[in-house]
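Participant: based on what follows, work out the 3D shape:
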Amino acid sequence: MPTFSSMRWDRVLWGVCAVLALPTALRPGSALAGTTYLAGMVLIAAGLWWGALRRSGAARRGWSLLASAASCWLAGDTLQRVQAALGLTIGAFDPPDVLWLASYFGLAAGVIVMFRARGLGPAVVAELRLDTVALTAVAAILCWRLMMVPTLQEGHRDLRTFLGLLFPVGDLVVMALLLLLVLAPGRRGMPSLMVVGCLAATFGLDCLYALSSSVLPQLDGERLDAALLVVNALLPAAALHPHGGELAEPPPDGEGGHRMHRGRVLLLGVPLIAVSVAPSLPAPPSALDGTVTALAASVVAASIVARFYRVVREREQAQAALERQATHDQLTGLANRTLLRDRIVAAVLRTGPVGDLDPVPVLLYLDLDGFKAVNDTWGHAAGDLVLQVIADRLRALARTGDTVARLGGDEFAVLALAMGPTDTDRLAERLVRAVAEPIRLDDGTVTQVGVSVGVVRAGPDVGQDAGRNAGQDIGQDAGPAHGPDAGAMPDEERILAAADAAMYLAKAAGGGVRVAAPVRRTSAAGTRKVLPPRADATTSPRR
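Facilitator: Prediction:
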């Protein structure tokens, strides 16, 4: 037999409220029905307060606000029955109506507090707001046509009529809260289903009660109180459930994204259809009716347009991110080999016939010296930091229009546009000095690396001969990309191979800069003369 502490009080409370609702369903208006109904409302309010005290943080605050809403229900129902028992005449101001209307504030505040505690991203929240506004605006048109207009047709313009018009507004609040919980990412356990079921049934019962006089005149409205008691009992049952705090918990991993599910696209079609159908609903033609309907329709249209604008924008941003990922290095943000090859091709195609001293595109191929020791000594995290620092330094030296790339590992490249031999030498030396500057690691340790730089002037016809020449200088040790077969490569690969081969020569000489032999065009037929490298001017000592 279960003990007091192990009993499922959520089930017990809901079952007791269901039994207490029977007299209201069978004999509405009787003394027994009134007593059992109030007893049920006492249990609902007490159960919510008890459930709130069992929680902590946002869950406690949220359930406490919902408990305050139930307390308003209880106070309003009690006051109504006291007025009836004492035979008090209800004038233009009805205090129970004020208490029942106040309950909507507690209901809305409680759901919003727990919704915010889920920690959803700004993009998700913005999308949910737009969807909720669009669907609630449609519900507003229906409430106006079916519930408010009939009240205004009665001709009364007193405070009691005004309070009566506020109840459909409160129902719209319930509708918005329902949509927020249904559409938002989050856990879908039994407590969440019970709260959603309570809000959905409450909205439906309120609408049925408002329409009963015109649509179902034979329906006794007091019998609906029995169903309302059972429905309201779902709230304390959710609060007392062992997992009652799930409404304020972040969604499971992977479910908090801001992608628009195709089901929500179909759901947004409902407002569009409803806006088209709403004018056919019965309502007397009036300027006020036209204004309200047009305003709600404008809100629906604006919300849906904004919603799909966000979808298109996010799609464009995702496409741009994919394109950048395909052309840029993820660690440093520099261009990768693919983008560098494209830039080399574009630079060479834009360059006409040139002489030895004319400005041409220049490719500088860099390989760090001593980088392996950084990884071996301080780990790969330190190595990544060094690569990022070097990338920033290279980027700072590049001019507008130049391309700085990471080719993989500790190899970088700089494609400088329209640069003469003297400027090329200066840039290469500046790169060597910048890389050699000390680097402070996260733990305060200072490290330093050097660099070997291979340079090639990448004008028309330079790639093939320079690549072949550099490959012959270093022979088979450079690998197939730098050997005699380099002439069979595409132009951009020949240029890369030439710069890479020159870099290997610089590294073999102890670091510094090595410039591949320039090429001189001697005739229109394309006869080329390869000048030997100047050993005294093309290699700089490692710094």
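
Participant: could you double-check that residue 171 sits in contact with residue 207?
Facilitator: Yes - counting by C-beta atoms under 8 Å, residue 171 does reach residue 207; the two are 6.7 Å apart. No exception for glycine: its C-beta is placed from N, CA and C like everyone else's.

Participant: neighbour count: these two, which is higher?
Facilitator: More crowded of residue 171 and residue 207, by other C-beta atoms under 10 Å: residue 171, with 23 against 19.

Participant: that's a helix at that one, yeah?
Facilitator: Yes - with DSSP: H, G, I helix; E, B strand; the rest coil as the criterion, residue 171 is part of a helix.

Participant: which helix or which strand is home to the nearest residue to it once chain neighbours are set aside?
Facilitator: Spatial nearest neighbour of residue 171, excluding adjacent residues (C-beta to C-beta, 6 or more residues apart in numbering): residue 206 at 4.8 Å. Element membership of residue 206 [criterion: DSSP states H and E] is helix 190-211.

Participant: before we move on, the earlier item: tell me, what's touching residue 171 and residue 207 both at once?
Facilitator: 143, 147 (C-beta atoms under 8 Å, 6 or more residues apart in numbering).

Participant: for residue 513, give me phi and psi.
Facilitator: Note on residue 513: its backbone torsions stand at phi -120, psi 140 [degrees, to the nearest 10].

Participant: okay, and the beta partners of it?
Facilitator: Here residue 513 sits in beta bridges with residue 453, going by DSSP bridges.

Participant: wait, it sits on residue 428?
Facilitator: Yes - counting by C-beta under 8 Å, residue 428 is a contact partner of residue 513 at 4.4 Å.

Participant: in stretch 305-312, which residues are buried?
Facilitator: Using 16 or more other C-beta atoms under 10 Å as the test for burial, stretch 305-312 gives 306-307, 310.

Participant: as a markdown table, these with secondary structure would be great.
Facilitator: Shown next, in a markdown table, are the buried residues of stretch 305-312 (three-state DSSP):
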| residue | secondary structure |
| --- | --- |
| 306 | helix |
| 307 | helix |
| 310 | helix |
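
Participant: same list as before, these that is, but in TSV and with pLDDT included.
Facilitator: Compiled in TSV, the buried residues of stretch 305-312 are given as follows (pLDDT from 0 to 100):
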residue	pLDDT
306	86
307	79
310	82
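
Participant: which of those sits closest to residue 403?
Facilitator: Of all those, residue 403 sits closest to residue 310, with 33.6 Å by C-beta to C-beta.

Participant: nearest spatial neighbour of the closest one, skipping sequence neighbours?
Facilitator: residue 127 (6.5 Å).

Participant: and that neighbour, how far from residue 181?
Facilitator: 15 Å (C-beta to C-beta, to the nearest Å).

Participant: and those two? Which one has more around it.
Facilitator: For residue 127 versus residue 181, neighbours defined as other C-beta under 10 Å are more numerous around residue 127 (23 against 20).

Participant: name the element the more buried one belongs to?
Facilitator: Short version, using DSSP H and E: residue 127 is in helix 122-143.

Participant: how about residue 338?
Facilitator: Per DSSP H and E: helix 337-349 holds residue 338.

Participant: so which elements touch that helix?
Facilitator: When contacts are defined as 3 or more C-beta pairs under 8 Å, 6 or more residues apart in numbering; DSSP states H and E, helix 337-349 sits against helix 287-327, strand 360-369, strand 403-408, strand 411-419, helix 491-508.

Participant: distance to residue 35 added to those, as a markdown table?
Facilitator: Converted to a markdown table, the helices and strands packed on helix 337-349 look like this (distance: least, C-beta to C-beta, whole Å):
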| stretch | distance to residue 35 |
| --- | --- |
| helix 287-327 | 42 |
| strand 360-369 | 86 |
| strand 403-408 | 80 |
| strand 411-419 | 84 |
| helix 491-508 | 90 |
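
Participant: where does residue 110 fall, secondary structure wise?
Facilitator: helix 95-116.

Participant: and the helices and strands packed on helix 337-349, which one's lowest on average pLDDT?
Facilitator: When these are ranked by mean pLDDT, helix 287-327 comes last with a mean of 82.

Participant: now that helix, how far from the centre of its chain.
Facilitator: Using C-alpha atoms, centre = their mean, to the nearest Å, the mean C-alpha position of helix 287-327 is found 15 Å from that of the whole chain.

Participant: kindly report the same for stretch 127-143.
Facilitator: Per C-alpha atoms, centre = their mean, the centroid offset for stretch 127-143 relative to its chain is 22 Å.

Participant: list the buried ones in that stretch?
Facilitator: Within stretch 127-143, the residues that qualify as buried are 127-128, 130-143, counting by 16+ other C-beta under 10 Å.

Participant: can you check stretch 427-445 too?
Facilitator: Buried residues in stretch 427-445, counted by 16+ other C-beta under 10 Å: 427-428, 431-432, 435-436, 439, 441.

Participant: between the two ends of it, how far is it?
Facilitator: One end of stretch 427-445 sits 29 Å from the other (C-alpha to C-alpha, to the nearest Å).

Participant: contacts for stretch 387-399, please.
Facilitator: Looking at what lies outside stretch 387-399 - C-beta under 8 Å, 6+ apart - the contacts are 329, 331-334, 366, 368, 404, 406, 410, 412, 414, 416-417, 427, 430-431, 434-435, 437, 439, 449.

Participant: can you give me the domain assignment for the protein?
Facilitator: Using automatic domain parsing, the domain parsing of the chain gives 9-251+264-318, 337-530.

Participant: can I get those domains in TSV including distance to residue 324?
Facilitator: Below are the domains of the chain laid out as TSV (distance: least, C-beta to C-beta, whole Å):
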stretch	distance to residue 324
domain 9-251+264-318	10
domain 337-530	10
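
Participant: which of those has the lowest average pLDDT?
Facilitator: Confidence, taken as mean pLDDT, is least for domain 337-530 of these (a mean of 77).

Participant: quick one: the spatially closest residue to residue 232 that is not a sequence neighbour from residue 374, how far?
Facilitator: In this structure, residue 232 finds its nearest non-sequential neighbour in residue 44, 5.3 Å apart by C-beta to C-beta, 6+ apart. Noted for residue 44: a distance of 67 Å to residue 374, by C-beta to C-beta.

Participant: neighbour-wise, which of those two wins?
Facilitator: Between residue 44 and residue 374, counted using other C-beta under 10 Å, residue 44 has the larger neighbour count: 27 against 24.

Participant: what about the helices in the stretch 151-300 of the chain?
Facilitator: Secondary structure of the stretch 151-300 of the chain, counting by DSSP state H, counting those that start in this stretch: helices at 159-183, 190-211, 223-232, 234-240, 262-277, 287-327.

Participant: what is the burial count for the residue lying closest to residue 117 once chain neighbours are set aside?
Facilitator: Leaving aside its sequence neighbours, residue 117 sits nearest to residue 58 (C-beta to C-beta, 6+ apart; 3.4 Å). Using other C-beta under 10 Å, residue 58 has 19 other residues around it.
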